[in-house]
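**Student:** fold the stuff below for me.
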Amino acid sequence: MLHLGLGSFHRAHQAVYLQRLIDAGDTRWSLSGANIRPDMADVVAALQAQGGRYTLETVSPAGEYRYEQIEAIREVLPYERSLAAVVARGAAPSTRIVSFTVTEAGYYLDTKGKLDLSFADLAADIERARRGEAGETIYGAVCAILRARKAVGAGAITLLNCDNLRHNGDRFRAGLLEFIERAGDADLLAWVNANTRCPNAMVDRITPRPPPELRARVKAATGRDDAAPVTGESFIQWVIEDNFAAGRPDWGRVGVELVESVQPYEEAKIRILNATHSCVAWAGTLIGLGFIHEGTHNAAIRKMAYDYVTDDVIPCLSPSPIDLAAYRDVVLDRFGNPAIRDTNQRVAADGFSKIPGFIAPTVRERLAAGQGIDSVAMLPALFLAFLQRWHKGTLPYAYQDQGMDEAVAHAICDAADPVAALCAGAALWGSIAGDARLVDAVRRAGERVARFVAAESKP
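**Tutor:** Next up, the predicted model:
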């Protein structure tokens with residue numbers, strides 16, 4: 001397997017499942033890892049120096065720490081602009097799966113699921129693909145790998161998403177096919193249609209950015225001076241549609257759920273875990289908290305999160321093969337784990353992708369059923385209050401949002417009616433943009449947010 005994106009999540013999730021399989025005696029598969037952009041250079045260099053080995057720290061909600069050495073990544077490919085080594089590894093007949101972790105914004109899709117060519121790096125990658133070069137978007141990199149694979153007759157391959165986008169395999173495949181079509185390579189397009197599979201998948205493990213003190217903690221616990229450790233919660237889940245082109249590891253032996261359809265699991269994860277995570281991060285930031293667990297233990301924030309799921313999400317997702325109320329409670333317990341020390345800054349990021357992906361579907365479905373949206377309306381109201389802080393330069397940290405057009409965001413905040421301006425955004429809300437019921441609910445929720453902030457803010 002070649003994995004693109006050597007960040008903390010991959011190393012605390014997919015690599016761990018493969019390590020479990022190796023530990024169980026199945027050594028047929030290994031991972032090669034690479035980044036397709038020149039980021040995380042220190043981590044990549046540390047992993048290379050350590051032969052791909054690193055330490056995973058996990059901690060349970062009860063405060064139990066475990067340390068294990070992960071050795072499933074057998075090859076760490078250095079970054080260089082042409083991605084020659086990455087393309088060569090992806091084109092090798094022995095490579096059967098190319099997996100990748102992409103943020104929501106990294107798909108460059110508009111509200112209709114088409115490529116959004118207003119992104120300069122995506123447009124530049126299409127030009128590179130026309131010249132036969134690799135690119136730095138996921139499409140530009142994968143297109144180059146598949147072109148090389150076709151050229152050497154290396155055979156079919158699975159392209160496996162490992163991220164939070166709903167219907168991620170289907171949406172990535174549509175974006176990839178459009179990318180190849182725009183690059184003008186009809187032969188490659190036909191080959192990809194015939195020789196690739198893109199299963200949908202759902203992943204879950206809270207994995208904060210490694211804190212500065214993690215290295216010392218790992219050394220004290222294990223004796224190893226590890227320059228690239230990762231930390232995460234003890235909970236882990238991976239659900240994949242069993243649709244592979246050229247074989248796969250025997251993941252079912254180590255707890256991966258291989259299913260016919262990932263949709264019910266995906267919807268529960270995105271709406272209950274991901275959206276609630278954002279709710280806690282935005283609300284916590286507004287009252288001066290720095291960490292997710294602090295917000296989860298605040299009674300007012302916990303009630304917002306609980307009511308959002310109970311009142312609006314569970315009715316939308318029922319009936320379900322999952323016990324949604326139990327899942328809600330497990331999620332809140334996980335968020336309350338003080339040892340994870342997950343920051344509001346990390347979780348609050350990318351609101352302009354999270355509203356359409358995580359929150360708007362529940363609003364649309366509730367309105368379509370003629371139901372109220374008071375509880376879910378708290379989330380966009382929290383985000384607007386958060387965005388106003390960003391607009392005024394009073395957030396306690398830098399806000400990162402790959403899906404945000406800063407001019408548009410400032411215009412929302414400067415509008416005579418910021419609530420109406422936020423609710424009018426078609427990119428955020430799709431078919432319900434400007435709906436009077438949405439505007440009214442968010443306006444009333446905004447008043448509740450203002451009272452919450454006044455009552456709960458830290459001096």
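**Student:** summarise which helices and strands the host helix or strand of residue 387 is packed against.
**Tutor:** Following DSSP states H and E, one finds residue 387 within helix 378-392. Here helix 378-392 is seen to pack against helix 275-286, helix 299-307, helix 351-354, helix 406-414, helix 418-423, helix 436-456 when contacts are counted using 3 or more CB pairs under 8 Å, 6 or more residues apart in numbering; DSSP states H and E. C-beta: built from backbone N, CA, C; applies to glycine.
**Student:** point out where the chain drops to low pLDDT.
**Tutor:** Within the chain, the segments meeting pLDDT under 70 span 459.
**Student:** can you pull out the strands in the stretch 51-200 of the chain?
**Tutor:** Per DSSP state E, counting those that start in this stretch, the stretch 51-200 of the chain has strands spanning 54-59, 65-70, 73-76, 97-100, 157-161, 196-197. These are given in chain order.
**Student:** now the helix holding residue 387, how far from the centre of its chain.
**Tutor:** Relative to the chain's own centre, helix 378-392 is displaced by 21 Å; criterion: CA atoms, centre = their mean, to the nearest Å.
**Student:** quick one: it to helix 406-414, angle?
**Tutor:** Direction vectors for helix 378-392 and helix 406-414, defined by axes from the mean of the first three to the mean of the last three CA atoms, to 10 degrees, enclose an angle of 110 degrees.
**Student:** not including adjacent chain positions, what is the nearest residue to residue 115?
**Tutor:** Closest residue in space to residue 115, ignoring its immediate chain neighbours: residue 178 at 5.2 Å, by CB to CB, 6 or more residues apart in numbering.
**Student:** can you get me a residue count around the one you found?
**Tutor:** For residue 178, the neighbour count with other CB atoms under 10 Å is 17.
**Student:** how about residue 345?
**Tutor:** By other CB under 10 Å, the residues close to residue 345 number 18.
**Student:** now do the contacts for it.
**Tutor:** Residue 345 makes contacts with 285, 290, 397-399, as judged by CB atoms under 8 Å, 6 or more residues apart in numbering.
**Student:** related to what we said a few turns ago, redo the strands of the stretch 51-200 of the chain as JSON lines? Include mean neighbour count and distance to residue 106.
**Tutor:** Converted to JSON lines, these look like this (neighbours: other CB atoms under 10 Å; distance: least, CB to CB, whole Å):
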{"stretch": "strand 54-59", "mean neighbour count": "22", "distance to residue 106": "24"}
{"stretch": "strand 65-70", "mean neighbour count": "15", "distance to residue 106": "24"}
{"stretch": "strand 73-76", "mean neighbour count": "19", "distance to residue 106": "21"}
{"stretch": "strand 97-100", "mean neighbour count": "22", "distance to residue 106": "9"}
{"stretch": "strand 157-161", "mean neighbour count": "24", "distance to residue 106": "11"}
{"stretch": "strand 196-197", "mean neighbour count": "18", "distance to residue 106": "19"}
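**Student:** for residue 220, which of those is the nearest?
**Tutor:** Put simply, out of these the one that sits nearest residue 220 is strand 65-70, at 10.1 Å, with distance taken as CB to CB.
**Student:** residues contacting the closest one, please?
**Tutor:** Against strand 65-70 from outside (CB under 8 Å, 6+ apart): 11, 15-16, 19, 53-59, 218, 221-222, 224, 234, 339.
**Student:** any idea how far the residue nearest to residue 115 lies from residue 131?
**Tutor:** Counting by CB to CB, to the nearest Å, the gap from residue 178 to residue 131 is 18 Å.
**Student:** ok, back up a step: most neighbours among the contacts of residue 345, please name it.
**Tutor:** Ranked by neighbours (other CB under 10 Å), the contacts of residue 345 are led by residue 285, which has 25 neighbours.
**Student:** which one is that one nearest to, not counting chain neighbours?
**Tutor:** Spatially, and ignoring its direct neighbours in sequence, residue 285 is nearest to residue 344 (4.7 Å; CB to CB, 6+ apart).
**Student:** likewise residue 269?
**Tutor:** Nearest-residue entry for residue 269: residue 202, 5.3 Å, with adjacent residues in sequence omitted and distances by CB to CB, 6+ apart.
**Student:** burial count for the one you found?
**Tutor:** Burial measure for residue 202: 26 neighbouring residues, criterion other CB under 10 Å.
**Student:** surely it and residue 272 touch.
**Tutor:** No. The pair formed by residue 202 and residue 272 falls short of the contact definition of CB atoms under 8 Å, at 11.9 Å.
**Student:** with respect to residue 381, which of the strands of the stretch 51-200 of the chain lies nearest?
**Tutor:** Closest approach to residue 381 among the strands of the stretch 51-200 of the chain (CB to CB): strand 157-161, 31.2 Å.
**Student:** other SSEs contacting that closest one?
**Tutor:** By contact count (3+ CB pairs under 8 Å, 6+ apart), the secondary structure elements abutting strand 157-161 are strand 97-100, helix 138-152, helix 168-182, strand 196-197.
**Student:** sounds good, over and out.
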